[in-house]
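Asker: mind looking at a prediction? Sequence and model below.
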Amino acid sequence: MSIQMHAAVSYPINDEMERVLWLAEAIDGPLTVAFMWEGCAEAERVVLVPAATLALWEHWAPAAYPTSGAEDENPAVAEEPELAHPMELGAFTLFRRRVGGRTAIARKGVVVAELLSPDEAHWLQEKARDVRQGFMDPKQKAAFEEFLARQASLGEQ
């Protein structure tokens, strides 16, 4: 069972950003956040994932999140994403990636979390869970094989 939390942030500056990071780290998992960026009429819904949780998901996930199929389009027609400068928000710096749409959140030069689309976060979490559940470390595997060897065969039962 996992904890699901949702938060709304009017503008991601010092105190509000610190609060949502603290919540995500406290629950040790993803936090759905709605950001109201200055000048935008609608809130952007993203999932804030602490860096350690994202590293764990990416360790276990067997492949990268599938893109929207931009590679299949004619490369001459495909639009190159605009280079965005890092956004300074008090103690935090947001680095939006040109490919994939992720945004890294750094505090004092260290990435502490990333903002992902809800679809990508869900996909990564599910893939990581599926692979991890099918994995046994060597000690666990040896103990399980020993346990199976001690079991009576079906004919002996």
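Answerer: Yes, it's here.
Asker: flag every buried residue along stretch 116-132.
Answerer: Applying a neighbour-count criterion of 16 or more other C-beta atoms under 10 Å, one finds L116, S117, E120, A121, W123, L124, Q125, K127, A128 buried in stretch 116-132. C-beta coordinates here come from the backbone N, C-alpha and C atoms, glycine included.
Asker: where in this structure is pLDDT low?
Answerer: 1-14, 37, 67-84, 154-157 (pLDDT under 70).
Asker: quick one, strands of it?
Answerer: 6-9, 31-35, 44-50, 87-89, 92-96, 103-107, 110-116 (DSSP state E).
Asker: turn those strands into a markdown table, including distance to Y65.
Answerer: As requested, these are exported to a markdown table (distance: least, C-beta to C-beta, whole Å):
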| stretch | distance to Y65 |
| --- | --- |
| strand 6-9 | 22 |
| strand 31-35 | 17 |
| strand 44-50 | 12 |
| strand 87-89 | 23 |
| strand 92-96 | 16 |
| strand 103-107 | 15 |
| strand 110-116 | 9 |
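Asker: contacting residues for T93?
Answerer: P86, M87, I105, A106, R107 (C-beta atoms under 8 Å, 6 or more residues apart in numbering).
Asker: which of these tops the neighbour count?
Answerer: I105 (24 neighbours; other C-beta atoms under 10 Å).
Asker: so what's that residue closest to, chain neighbours aside?
Answerer: A113 (4.7 Å; C-beta to C-beta, 6 or more residues apart in numbering).
Asker: tell me how far I105 lies from L48.
Answerer: I105 sits 8 Å away from L48, going by C-beta to C-beta, to the nearest Å.
Asker: and H59, how far is that from E38?
Answerer: 36 Å.
Asker: what does E145 give?
Answerer: 60 Å.
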